[in-house]
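Visitor: Below is the sequence, then the predicted model.
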Amino acid sequence: MEEIRIEANGNIGPIDSARIPRFAGAATYARLPRLDQVSNAAIKIVGVPFDAGVSYRPGARFGANHVRESSRLLRPYNPALDVSPFENVQVADAGDMAVNPFNINEAIETVQDNALALTADGASLLTLGGDHTIALPLLRAAAERAGEPVAMLHFDAHLDTWDTYFGAEYTHGTPFRRAVEEGILDTEAISHVGTRGPLYGKKDLDDDRRFGFGIVTSADVYHQGVAEVVAKLRDRIGNRPLYISVDIDVLDPAHAPGTGTPEAGGITSRELLEILRGMRGMNLVGADVVEVAPAYDHAEITGVAASHVAYDLVTLMADRRAATATKDAS
Ligand SMILES: N=C(N)NCCCC(=O)O
Ligand SMILES: [Zn+2]
Ligand SMILES: [Zn+2]
């Protein structure tokens, strides 16, 4: 059937949900066009159906499509930031990467290669995961494109700076230790937000601090409040190229039950969205939303949360691009 889309400023937007019921047709993220339906896109959303790096419950391989299905109700105007992201720039859904489900090393290479290919034209990349293993190759690609190590905001219940699991170096609990070892993170400007829960030992925190990470725990968000947290994070990041990695388990299991390693005492989706919005104007070069495991979801609670997180990330990217374009033109 014909797709009737919203178009503005020469950008092809979402299927018009006033004319084609939002529950009809195959899902793309936010009902956006597929990449092959537009000549080029400044912001690309890509899925990574991969969960061979998990230490507990599997299922995040189905995450990207679950987020797409859960994104049908998103509307084109973001009032929180007064931005219409799909009007500012062309945004498109690039589909899924064909990652090897049996070979982690090969999957990591594929993610890195695909991320580089998708950003070769200067596009910004938002990845829907997948387990957190994929943040490593995504960071490698982001640092290569930026031409320098990148700052990172890491939203997660977990540190993900552990060393190995069963001798394996590349897992969803180890991407950020590998990234520090590889020198692709700017260790003056890397922070975890939302961490909580039991650790293997005090050494986990000592190691993490040694790598340079700052920590804003879930309890800190509660005690200090969003505004103070945002101010501290912005201060630390400055104008460095910034990568944002969102493990959906940063949210309390009440807000995101559909994930593989849930921890009680998490932040709310309202807090997460507000902290993200607080990053307006930062030099955001790439982002991911990972660890959505639909088999443990109910009523799309996790899928909806993840789709909204992705929406605010796209808004930040679109807003920054529009602001930079205006500055360049004047
Ligand atoms: N969900 C992520 N990314 N990591 C959790 C690892 C927790 C553990 O195995 O102890
Ligand atoms: Zn986690
Ligand atoms: Zn994680």
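Guide: Everything's here; your move. Ligands and ions are numbered 1, 2, ... in the order given.
Visitor: how distant is the longest helix along the chain from the center of its chain?
Guide: Secondary structure assigned by DSSP state H gives helix 301-329 as the longest helix of the chain. With Cα atoms, centre = their mean, to the nearest Å as the basis, helix 301-329 stands 11 Å off its chain's centre.
Visitor: avg pLDDT for it?
Guide: Taken as a whole, helix 301-329 has an average pLDDT of 94.
Visitor: Also stretch 83-99?
Guide: The average pLDDT within stretch 83-99 is 98.
Visitor: same question, stretch 275-292
Guide: So the average pLDDT for stretch 275-292 ends up being 98.
Visitor: likewise stretch 141-160?
Guide: 98.
Visitor: can you give me the strands for the stretch 101-250 of the chain?
Guide: 124-128, 150-155, 185-195, 214-217, 242-247 (DSSP state E, counting those that start in this stretch).
Visitor: Serialize those to JSON lines and add fields for mean neighbour count and distance to Asn283.
Guide: C-beta here means a position set from N, CA and C on the backbone, and glycine is covered the same way. Converted to JSON lines, the strands of the stretch 101-250 of the chain look like this (neighbours: other Cβ atoms under 10 Å; distance: least, Cβ to Cβ, whole Å):
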{"stretch": "strand 124-128", "mean neighbour count": "26", "distance to Asn283": "11"}
{"stretch": "strand 150-155", "mean neighbour count": "26", "distance to Asn283": "8"}
{"stretch": "strand 185-195", "mean neighbour count": "22", "distance to Asn283": "11"}
{"stretch": "strand 214-217", "mean neighbour count": "18", "distance to Asn283": "18"}
{"stretch": "strand 242-247", "mean neighbour count": "27", "distance to Asn283": "6"}
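Visitor: of those strands, which approaches ligand 3 most closely?
Guide: Within the strands of the stretch 101-250 of the chain, the stretch nearest ligand 3 is strand 242-247; the backing value is 3.4 Å (Cβ to the ion).
Visitor: which outside residues touch the closest one?
Guide: Applying Cβ atoms under 8 Å, 6 or more residues apart in numbering, the contact partners of strand 242-247 are 132, 135, 138-139, 142, 150-158, 160, 189, 259, 272, 276, 279, 282-291, 309, 313.
Visitor: try 6 Å
Guide: For strand 242-247, contacts defined as Cβ atoms under 6 Å, 6 or more residues apart in numbering pick out 132, 135, 139, 142, 150-156, 282-284, 286-291, 309.
Visitor: Same check on stretch 274-287?
Guide: 80-81, 125-126, 142, 146, 226, 230, 239, 241-244, 312-313, 316-317, 320.
Visitor: Quick one: end-to-end length of it, please.
Guide: End-to-end distance for stretch 274-287, by Cα to Cα, to the nearest Å: 16 Å.
Visitor: If we go by neighbour counts, what in it is buried?
Guide: For stretch 274-287, the neighbour count (16 or more other Cβ atoms under 10 Å) marks 274-280, 282-287 as buried.
Visitor: Report the contact partners of whichever residue of the stretch 201-330 of the chain sits closest to ligand 1.
Guide: Going by Cβ to the nearest ligand atom, ligand 1 is nearest to Thr261 of the stretch 201-330 of the chain, at 4.2 Å. Residues near Thr261 by Cβ under 6 Å, 6+ apart: 56, 249.
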